[in-house]
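[1] structure of the sequence below:
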Amino acid sequence: MRVMKRRRVLVISLIVLAFAMVALAAVLMHVLRVQVVLSGDSDLKVNVGQPYHEPGAKAFLGSSSLPLRLADLEVRSSGKVDTNKLGEYRLKYSANWLFFESSSTRRVLVVDTTAPELTLKGNAEVTINAGSDFTDPGCSAVDNLDGDLSQKIKTNGQIDTLTVGDYVLNYEVKDGSGNTATAKRTVKVVPVKQVSQVNPGHKVVYLTFDDGPSRYTGALLDALAARNVHVTFFVTGSGDPALIGRAAREGHTVGIHTFSHDYKKIYASKAAYLDDLNAINSVIAAQTGSPTHIMRFPGGSSNTVSSFNPGIMTTLTRDLTNMGYYYFDWNVESGDAGRVKTSDAVFNNVIAGIQRHDVSVVLQHDSHGFSTEAVGRIVDWGISHGYTFLPLDETSPQAHQRVAN
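    Down below sits the predicted model:
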């Protein structure tokens, strides 16, 4: 009996001890733990090409619920960061004590945050005269990863070289990582400086002829040559262009009038007008050796034939002046484009007109024979009465009229 009792006590003691050991193990498993703590953030970024400084980690045996730090442990790390290559890298830090083990992971992102280098070719601010040509010199772009990005530069903005104002060209380029570089260029379109008008003196007459050359222009040139008088021809695209060259060689001024003389066409827009102007100026250049900036609007600056396009003459007179053109109207009208149909009437109108002015700009048309026939008599009368006849140039009085449109 006594032996059986001792065995029973022993068995119970062993069972209690086992339960105690299990409970102790459970407590140790819950209380004691290997902890791996990262130094610094768990997510880090480093710019491509820059060195990566490893902050590391620390490990210790401690408690997850009590401020216990029983022992420092050795940390093992695995993984590698290549800062020369974009991407996501993971570093693992591990430690163990007996059968206790733990680890932590850090994510390292190698990124490109460097914008391309965008460099203007030429000056950031450019000033040009209205009417001159402008060629954008552009930019170059280089990226630390993508290399030459010059072909990927986008340009926004337009330059109207025919209209005075400040214009901006914006340039933008993006690299493969989405980094953006921008630049801008300011282009100032300024008016061409006009030559100052000069008082030509007293009793000066500028005879001007529109709408030629015609079949009457040759005889008119002969009459003027016989009197050693020089005038101004505002020419068109009709007739024999060789007469334009002859007029220039004989000392007359050749100015722009119109190539087509089609009001509806040339006054449809500023662009349409300039197309017509450039067409006749090309003819003039071919015959005289150079283009001209002396001109007369078809119908004059005060015309109403352009009223179908409101404001066009206000625009043209302003912008053509800014582009360096000199436009001339008149203060004496021969009437040969209206009711007057005889040489005598033209003579009387011109003589009456020039007597009312100290400086006269006379409008005639060498497309009408009865008008050109009056020129010899007009010149003879003028010379005999002390008048001087001159061709127009950039310094001459322009006899501008009030712009009506």
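
[2] just the helices in this protein please.
    For the chain, helices defined by DSSP state H occupy the ranges 2-31, 217-227, 242-249, 263-266, 270-288, 312-322, 343-354, 369-372, 375-384.

[3] mind saving the C-alpha coords of the last one as PDB?
    Coordinates of each C-alpha in helix 375-384 appear next as PDB, following Å, rounded to 0.1, in the frame of the first residue of the first chain:
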ATOM      1  CA  VAL A 375       1.300 115.400-118.800                       C
ATOM      2  CA  GLY A 376       3.600 117.400-121.200                       C
ATOM      3  CA  ARG A 377       1.300 120.500-120.900                       C
ATOM      4  CA  ILE A 378       1.200 120.100-117.100                       C
ATOM      5  CA  VAL A 379       4.900 120.000-116.800                       C
ATOM      6  CA  ASP A 380       5.500 122.800-119.200                       C
ATOM      7  CA  TRP A 381       3.000 125.000-117.300                       C
ATOM      8  CA  GLY A 382       4.500 124.100-113.900                       C
ATOM      9  CA  ILE A 383       8.100 124.800-115.000                       C
ATOM     10  CA  SER A 384       7.100 128.100-116.500                       C
END
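
[4] mind listing what's buried in that helix?
    Neighbour-count burial for helix 375-384 flags 375, 376, 377, 378, 379, 382 (criterion: 16 or more other C-beta atoms under 10 Å). Glycine gets a C-beta too; all of them are placed from N, C-alpha and C.

[5] what does the second one give?
    In terms of neighbour count (16+ other C-beta under 10 Å), helix 217-227 has its buried residues at 217, 218, 220, 221, 223, 224.

[6] got the angle between it and helix 375-384?
    Going by axes from the mean of the first three to the mean of the last three C-alpha atoms, to 10 degrees, helix 217-227 is angled at 20 degrees with respect to helix 375-384.

[7] same question, the third one
    Direction vectors for helix 242-249 and helix 375-384, defined by the same axes, to 10 degrees, enclose an angle of 10 degrees.

[8] give me the number of residues near residue 45?
    Residue 45: 11 surrounding residues under other C-beta atoms under 10 Å.

[9] pull up the gap between the nearest residue to it once chain neighbours are set aside and residue 377, please.
    Closest residue to residue 45 apart from its sequence neighbours, by C-beta to C-beta, 6 or more residues apart in numbering: residue 109 at 4.8 Å. From residue 109 over to residue 377 the distance is 96 Å, taken as C-beta to C-beta, to the nearest Å.

[10] where does the stretch 301-405 of the chain dip in pLDDT?
    Along the stretch 301-405 of the chain, no part satisfies pLDDT under 70.

[11] look at the residue nearest to residue 45 and say how many residues are nearby.
    Residue 109 has 13 nearby residues by other C-beta under 10 Å.

[12] thought residue 48 was touching it, still the case?
    No: shown here, residue 109 and residue 48 do not form a contact pair, counting by C-beta atoms under 8 Å, at 10.2 Å.

[13] show me the contacts for residue 340.
    334, 346, 349 (C-beta atoms under 8 Å, 6 or more residues apart in numbering).

[14] residues contacting the second one?
    Read it as residue 346. 334, 335, 336, 340, 364, 370, 371, 374.

[15] for it, give its distance to residue 335.
    From residue 346 over to residue 335 the distance is 7 Å, taken as C-beta to C-beta.

[16] spit out the contact partners of the residue nearest to residue 51 when sequence neighbours are not counted.
    Leaving aside its sequence neighbours, residue 51 sits nearest to residue 83 (C-beta to C-beta, 6+ apart; 6.7 Å). By C-beta under 8 Å, 6+ apart, the residues touching residue 83 are 46, 47, 48, 49, 50, 51, 52, 110.

[17] the third one: what's it in contact with?
    Residues touching residue 48, when contacts are defined by C-beta under 8 Å, 6+ apart, comprise 83, 84, 85, 86, 110, 111, 112, 114, 144, 145.

[18] farthest-separated two in these?
    Within the contacts of residue 48, 85 and 114 form the most distant pair, 15.0 Å apart (C-beta to C-beta).

[19] compare those two (neighbour count), which wins?
    Per other C-beta under 10 Å, whichever of residue 85 and residue 114 has more neighbours is residue 114, with 17 against 11.

[20] in stretch 192-199, what's buried?
    Of all the residues in stretch 192-199, those buried under the rule 16+ other C-beta under 10 Å are residue 192.

[21] quick one on the thing from earlier: most neighbours among the contacts of residue 83, which one is it?
    When neighbours are counted by other C-beta under 10 Å, residue 110 leads these with 21 neighbours.

[22] wait, that residue sits on residue 49?
    No: when contacts are counted by C-beta under 8 Å, residue 110 is not listed as touching residue 49 (9.0 Å).

[23] so what's the residue lying closest to residue 336 once chain neighbours are set aside up against?
    Counting by C-beta to C-beta, 6+ apart, residue 336 lies nearest to residue 371, which is 3.9 Å off, once chain neighbours are set aside. By C-beta under 8 Å, 6+ apart, the contact list for residue 371 reads 334, 336, 343, 346, 364, 365.

[24] thank you, goodbye.
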